[in-house]
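J.: no letters, just coordinates:
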């Protein structure tokens, strides 16, 4: 029992830190070059190779950091709201897997961009217009955004988070599908910081509470 409490506390604390790191990395990438799905990506690679490589690795980094963050959520709730939070975390993990695929594709396309431009433009345009690109992108949005939304509902049901977190989850879903023009990165940044920051704080808070309970039991 004591071991389970300790391992759950560690998972929550580490997951909370990962959510905060992920939020920062996501905001950074929102102001970078297009990851993929745009021929403009070729120009960015050729003109500023180091710049595009930094942002591509930042995208892959936050996708990897999301894994322990979502796993930490599965240790967060007990009782009311547990099933919904658990399903949401697993759903978001599936979506995160598809995002890692997209990040890997971007690395491959980055290498292709240094070859002859005309054939590469034709090939990349074909990729962007086929299910090879479209399906993973769509599944990433559906699973990740819906998964996080389910998590927010589960946390509200468990009385761990306030109801406003659900509205932030809905806002994230909307900003993922709507085109907001020049305001897109700014709106998405605010939503991301509020959503992932709140999830991170919730995990850290619960992890600390579990540690305090364990220390109290040891002194008794």
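T.: Okay, I see it. Keep in mind that this is a model prediction, so the values were computed, not measured. Numbering: from 1, shown residues only.

J.: all contacts plus neighbour counts: C-alpha atoms, from now on.
T.: Fine.

J.: got the contact list for residue 59?
T.: Taking CA atoms under 8 Å, 6 or more residues apart in numbering as the contact definition, residue 59 lies against 25, 26, 29, 103.

J.: in CSV, list those along with neighbour count, pLDDT and distance to residue 179.
T.: What follows is the contacts of residue 59, written out as CSV (neighbours: other CA atoms under 10 Å; pLDDT from 0 to 100; distance: CA to CA, whole Å):
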residue, neighbour count, pLDDT, distance to residue 179
25, 19, 92, 21
26, 22, 92, 18
29, 20, 87, 17
103, 21, 79, 21
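
J.: and which of those is nearest to residue 56?
T.: residue 103 (6.8 Å; CA to CA).

J.: any idea how far residue 202 is from that closest one?
T.: Going from residue 103 to residue 202 by CA to CA, to the nearest Å gives 28 Å.

J.: check which helix or strand residue 144 maps to.
T.: Element membership for residue 144 (DSSP states H and E) is helix 131-157.

J.: surely residue 171 touches residue 191?
T.: Yes: counting by CA atoms under 8 Å, residue 171 does reach residue 191; the two are 6.9 Å apart.

J.: so for stretch 143-160, mean pLDDT?
T.: Across stretch 143-160, pLDDT averages out at 90.

J.: quick one: residues in contact with that stretch.
T.: 77-96, 161-163, 165-166, 169-170, 172-173, 202.

J.: now intersect those residues with the helices, please.
T.: Judged by DSSP state H, the contacts of stretch 143-160 include 82-96, 165-166, 169-170, 172-173, 202 as members of helices.

J.: kind regards, and thank you for your time.
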